[in-house]
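**Student:** the following comprises the amino acid sequence and a computationally predicted model.
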Amino acid sequence: MAGESGWKEDAVCCIIIIDTAGHGWYYIPAKAMNIIVTAYLITAFICLESAVSIYRMNPQSRLNRIYTLLAASFTVYSAVMIQFLISSDESACMVWYRVFAFMACLFTMLGVRYFLELTGAVSITGNRSVIASLYLLPCVFALPAMSFAPVVSGFTRTTWGWEIIMKDSVWAKCFFSYLLGCYGVCVALAIRWRLVAEKDHIKKQATVIVLSGLAGAAGMLHLFFSSLHSGALNSDAGIHFYNLFCLLTFVLGIRFAIIRYRLMTLVPANPAVELFAGMHDAIFVTDATGEIVFTNDNAGCSGKPGPGSTIYDFFSPGETLKNQAEELIAGRPLLQPVSVAPYGQSRGNTAADVFLHGIKNEIGELIGFMFIARENRGLGDIQERFQLTNRELEIALLLNDGLSAREISAECDIALPTAKTHIHNIYRKTGLRNRVEISNLLNKNT
């Protein structure tokens with residue numbers, strides 16, 4: 001056992017520690033120690049909760065997994081700081097100093113990795129050599145600081161526990177510059193992301209992230225204050241609370257962007273491609289407005305959806321799909337599937353049944369939709385049997401939905417006489433006389 005602790009009645013309640021040699025009484029005001037340890041414990045729990053919550057929100061997302069590691073490293077760092085503060089002697093302080101020196105290098109690197117992934121720096125994140133070099137940086141800077149070139153000259157005991165006596169050396173400046181430089185890179189990436197963002201909610205996300213990154217960088221600035229690293233740190237706990245404030249501002253800022261602006265809630269990146277690669281149905285993922293953000297290879301799109309493309313433009317009748325989406329938003333039951341007219345180029349203009357599912361974030365807000373389109377052979381048979389064109393089949397479905405000729409012309413963006421001509425051709429080709437018979441035909445074969 002490294003030491004024993006007990007209580008001694010005095011003017012101020014104290015924790016008394018006996019070192020490994022059995023002598024050397026050290027007095028630490030218990031109240032002071034409890035405050036700083038409690039602050040680090042709260043920080044550790046907040047970071048741990050954030051790591052678990054973000055991972056559970058989307059385990060398949062690489063971005064979420066990287067953030068989980070980042071928040072978890074903050075948790076470990078806080079726990080190590082507690083152990084350092086209550087160390088029994090200077091040799092124990094050196095052990096814990098080496099651990100948190102490495103952790104400081106690790107979480108700053110993870111911060112850079114997270115911001116690279118978040119801001120879409122594909123040219124870097126897609127280069128394995130660059131990423132491997134990035135992961136080696138903590139070792140390059142941490143190992144010397146932990147062994148032959150420590151950035152500390154010793155330790156001193158204060159009313160708040162042990163503190164570090166910083167060295168004023170070139171290597172210490174390099175070590176501190178690495179830590180601050182990592183945060184500088186994070187802030188620069190976030191600012192660039194903010195400047196190139198086109199959508200309003202992404203701009204808001206980026207603004208919050210920029211401010212969070214600045215808070216993290218501010219937590220490193222004190223390392224360059226000569227009054228702090230030329231001798232013992234001040235005996236009060238101001239520097240500890242300053243660091244914890246900056247760290248929590250960084251973590252909670254990201255959580256605010258997640259809750260308020262849906263950051264990391266839906267990430268249309270490679271994990272989505274891998275997830276849907278084995279599905280034979282056409283998959284369309286949209287935001288809450290219906291704008292397409294992801295399609296799989298079976299969706300039949302000629303290339304990627306253009307900016308502003310909505311699912312309602314891609315399918316017909318789009319109005320019917322839009323009504324179903326509005327029903328889902330309102331929490332009412334859906335009439336599924338929705339039969340749609342031929343779509344796409346690579347799918348051979350096949351009619352389809354579309355199933356609609358909502359996508360919610362961690363607080364239960366509906367943030368998007370998943371549309372699953374499955375080939376409808378019944379509609380294909382009707383089209384082939386009666387030699388209906390794609391437009392005529394589309395209008396037949398609109399007639400089945402109860403739309404008038406004028407409403408059909410507006411829905412299909414065609415002139416009213418053209419819509420009436422298509423309706424006449426449908427009746428002529430099928431031999432049917434009214435909408436009821438058309439509905440019976442469609443319902444019977446779909």
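**Tutor:** Arrived safely, thanks for sending.
**Student:** may I have stretch 64-78 exported as CSV, CA atoms only?
**Tutor:** C-alpha atoms of stretch 64-78 as CSV (Å, rounded to 0.1, in the frame of the first residue of the first chain):
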residue,chain,number,x,y,z
ASN,A,64,-19.3,9.0,-34.4
ARG,A,65,-16.7,6.3,-33.5
ILE,A,66,-13.9,8.8,-33.6
TYR,A,67,-15.8,11.3,-31.4
THR,A,68,-16.5,8.4,-29.0
LEU,A,69,-12.7,7.8,-28.7
LEU,A,70,-12.1,11.5,-28.2
ALA,A,71,-14.7,11.9,-25.4
ALA,A,72,-13.4,8.7,-23.8
SER,A,73,-9.9,10.0,-23.8
PHE,A,74,-11.2,13.1,-22.0
THR,A,75,-12.7,10.8,-19.4
VAL,A,76,-9.4,8.9,-18.8
TYR,A,77,-7.5,12.2,-18.7
SER,A,78,-9.8,13.5,-15.9
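**Student:** shouldn't Glu198 be within a strand?
**Tutor:** No - counting by DSSP: H, G, I helix; E, B strand; the rest coil, Glu198 is located in no strand; its state is coil.
**Student:** distance of it from Ala190?
**Tutor:** 16 Å (CB to CB, to the nearest Å). For every residue, glycine as well, the C-beta is placed using N, CA and C.
**Student:** with neighbour numbers in mind, choose between these two.
**Tutor:** Ala190 (23 against 7; other CB atoms under 10 Å).
**Student:** so where is the stretch 1-150 of the chain shaky, pLDDT-wise?
**Tutor:** 1-33, 122, 148-149 (pLDDT under 70).
**Student:** mind listing the helices for it?
**Tutor:** Applying DSSP state H, counting those that start in this stretch to the stretch 1-150 of the chain gives helices spanning 30-57, 62-85, 90-118, 122-125, 128-146.
**Student:** so which of the ones you listed gets nearest Gly331?
**Tutor:** helix 30-57 (21.9 Å; CB to CB).
**Student:** same for that closest one, what does it pack against?
**Tutor:** strand 14-18, helix 62-85, strand 161-166, helix 238-261 (3 or more CB pairs under 8 Å, 6 or more residues apart in numbering; DSSP states H and E).
**Student:** next, count neighbours for Gly364.
**Tutor:** 6.
**Student:** make that Lys360, sorry
**Tutor:** 12.
**Student:** can you check Ile329 too?
**Tutor:** 12.
**Student:** doesn't Ile359 make contact with Ile367?
**Tutor:** Yes - Ile367 is within contact range of Ile359, at 5.8 Å (criterion: CB atoms under 8 Å).
**Student:** related to what we said a few turns ago, and of the helices of the stretch 1-150 of the chain, who's closest to Thr430?
**Tutor:** Across the helices of the stretch 1-150 of the chain, closest to Thr430 is helix 30-57 (CB to CB), at 50.3 Å.
**Student:** before we move on, back to that, need the helices of the stretch 1-150 of the chain in a markdown table (columns: mean neighbour count and distance to Phe176).
**Tutor:** Formatted as a markdown table, the helices of the stretch 1-150 of the chain follow (neighbours: other CB atoms under 10 Å; distance: least, CB to CB, whole Å):
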| stretch | mean neighbour count | distance to Phe176 |
| --- | --- | --- |
| helix 30-57 | 17 | 21 |
| helix 62-85 | 21 | 16 |
| helix 90-118 | 21 | 10 |
| helix 122-125 | 14 | 25 |
| helix 128-146 | 15 | 10 |
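**Student:** quickly list the domain ranges of this structure.
**Tutor:** 31-261, 266-375, 385-446 (automatic domain parsing).
**Student:** what about the last one, average pLDDT?
**Tutor:** For domain 385-446, the mean pLDDT works out to 83.
**Student:** same check on the second one?
**Tutor:** When pLDDT is averaged over domain 266-375, the result is 70.
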